[in-house]
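Pasting the sequence and the predicted coordinates here, then a few questions.
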Amino acid sequence: MKLAGYEVIEKIASGGMSDVFQAKRIHDNKLVAVKLMHEDMVKNKKAVKRFHAEAELVMSLNHPNIVRVFSLERNKENPFIAMEYIDGCTLRELLNKKNLLDNRTITTISMDIAKGLEYIHSRGIVHKDIKPKNIFTDTIAKICDFGIASYGPTEYAHRQGAPSYMSPEQIKGRDIDHRTDIYSLGTTMYEMATGQVPFRGARESDILTKHLNFKPRPIKQINSKIHPCIENTIMKMLEKLPGNRHQTATMLRLNLSEIDAKLSR
């Protein structure tokens, strides 16, 4: 398959709105990832608008812990985004292989993601979909997929996001700010530490109810090797009330940096 300015090599991922391909940029032979909208989605004006908005938002970002977007092709028949190609795997793929991660790996990946969140939050952006599938783990970890990201505090009538990683306020659909990303990273760290998400259920409604009303099972009961400081940090991130969590990604990054120093001793 050929797209304007690119030679597609192979499909590397697939989602509800688009497929992602490894491709070669023809003018300089650079490997990139191309996110191509599904044919049936191209007819959906709202989906196309959202696709364009994601690309435009991420093209304005430049940070080592954010997957870069180089360009947006607005072709009506097959719009696509050209972005940084990462020769690594997602955190989801890594967890599928290893189930749970050691203390140092948890801290290292989480510090990288906290840095990425620190950057986007400083620009008024809330990601709202932090989860293992949206984190790449190469030499450094990077955040990807800004499909439901927004500027500043938001309220909306329809829930967006993955149930297992959504904050209580996100489930309620109101008063959503940067601290929702801290909660979602907390659920992701919990999974890194235990091999399972904090709340599970047979139905989506069961999971959402638990996010709102239940406390996660102590990590130490699942993984006796977890460092107490990591467990304490995760549990703080998973507080139901945003005011009881780390108030900024900077505070979280500094907390994780202190833990990393302890692990190095």
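Good, I have the coordinates. Numbering: from 1, shown residues only.

Dead centre of this protein: give me the residue that sits there.
residue 130 (2.9 Å; Cα atoms, centre = their mean).

residues touching it, list them.
Residue 130 makes contacts with 113, 117, 143, 165, 181, 184-185, 188, as judged by Cβ atoms under 8 Å, 6 or more residues apart in numbering. Every residue, glycine included, has its C-beta placed from N, CA and C.

Which pLDDT value belongs to it?
Looking at residue 130, its pLDDT stands at 98.

which residue sits closest to it, ignoring its sequence neighbours?
Computed as Cβ to Cβ, 6 or more residues apart in numbering, the closest residue to residue 130 that is not its neighbour in sequence is residue 184, at 3.9 Å.

swap in residue 112?
The shortest distance from residue 112 to any non-neighbouring residue, by Cβ to Cβ, 6+ apart, is to residue 141 (3.7 Å).

That neighbour touches residue 106, doesn't it?
No: Residue 141 lies out of contact with residue 106 (Cβ atoms under 8 Å); the separation is 11.0 Å.

need the contact list for residue 244.
So residue 244 contacts residue 236 (Cβ under 8 Å, 6+ apart).

change it to 10 Å
179, 236-238 (Cβ atoms under 10 Å, 6 or more residues apart in numbering).

returning to what we had before: just the ones in strands from the contacts of residue 130, please.
If you go by DSSP state E, the contacts of residue 130 have residue 143 in strands.

Can you lay out the contacts of residue 130 as a markdown table showing neighbour count and distance to residue 53?
Below are these laid out as a markdown table (neighbours: other Cβ atoms under 10 Å; distance: Cβ to Cβ, whole Å):
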| residue | neighbour count | distance to residue 53 |
| --- | --- | --- |
| 113 | 29 | 23 |
| 117 | 27 | 20 |
| 143 | 27 | 17 |
| 165 | 28 | 22 |
| 181 | 29 | 18 |
| 184 | 27 | 20 |
| 185 | 28 | 23 |
| 188 | 29 | 24 |
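
Is it possible to get the contacts of residue 130 out as TSV so that each row also shows distance to residue 225?
TSV is the format used below for those (distance: Cβ to Cβ, whole Å):
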residue	distance to residue 225
113	22
117	27
143	27
165	24
181	27
184	24
185	21
188	19
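
Return the member of the contacts of residue 130 nearest to residue 12.
Checking the contacts of residue 130 against residue 12 with Cβ to Cβ, the nearest one is residue 143 at 17.8 Å.

And that closest one, how close does it get to residue 69?
Counting by Cβ to Cβ, to the nearest Å, the gap between residue 143 and residue 69 amounts to 12 Å.

Need the residues touching each of these two.
58, 61.

check contacts around residue 238.
Taking Cβ under 10 Å, 6+ apart, we find residue 238 in contact with 167-168, 182-187, 189-190, 198-199, 211, 215-216, 244-245.

try it again with 7 Å
183, 186-187, 190, 198, 216 (Cβ atoms under 7 Å, 6 or more residues apart in numbering).

got a pLDDT number for residue 172?
The predicted local confidence for residue 172 is 91.

ok, and the closest non-adjacent residue to it?
residue 212 (7.7 Å).
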